[in-house]
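In: no sequence for this one, just the structure:
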């Protein structure tokens with residue numbers, strides 16, 4: 001189950017990741033990992049942790065979503081969830097074309113496979 005007290009809403013910017021992470025680290029029992037909705041928010045969270053005197057991944061693990069090119073070059077390189085953007089675009093275009101032709105869609109939801117790209121911002125040994 002998700003603990004709503006550990007969920008912070010942001011606007012997908014590094015600043016909202018920074019602010020949200022600062023709020024989480026101010027909790028009586030702060031988390032040992034942060035999962036951000038996208039890579040820019042994760043990078044903002046990582047900066048907040050640095051300013052709090054915490055080390056990534058030694059003290060707190062950080063994971064983002066998108067696998068932006070900058071995540072490979074960040075320090076430490078960011079663990080992220082890679083989404084099949086080309087496949088998502090193809091499915092969206094096919095769906096749009098079918099709707100334009102007035103065709104009925106069998107499903108209104110389609111899930112495409114994602115890939116966890118493990119890099120140095122997560123600690124595999126933490127319980």
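Out: Cool, the structure landed. Everything quoted here is computed from the prediction, not taken from an experiment.
In: what does the helix or strand hosting residue 21 rub up against?
Out: In this assignment (DSSP states H and E), residue 21 forms part of helix 14-25. By CB atoms under 8 Å, 6 or more residues apart in numbering, the residues outside helix 14-25 that reach it are 6, 8-10, 30-31, 34, 36, 40-45, 47-49, 51-52, 54, 60. (C-beta placed from N, C-alpha, C; glycine too.)
In: one more: stretch 39-46?
Out: Stretch 39-46 is contacted from outside by 10, 12-21, 34, 36, 56, 62-68, 70-71, 74, 78, 80, 121, using CB under 8 Å, 6+ apart.
In: now do it: distance to the chain's middle.
Out: Relative to the mean C-alpha coordinate of its chain, stretch 39-46 is positioned 8 Å out (CA atoms, centre = their mean, to the nearest Å).
In: quick one: the residue nearest to residue 82 when sequence neighbours are not counted from residue 101, how far?
Out: Once flanking residues are discounted, residue 82 sits nearest to residue 67: 4.0 Å by CB to CB, 6 or more residues apart in numbering. Distance, residue 67 to residue 101, by CB to CB, to the nearest Å: 34 Å.
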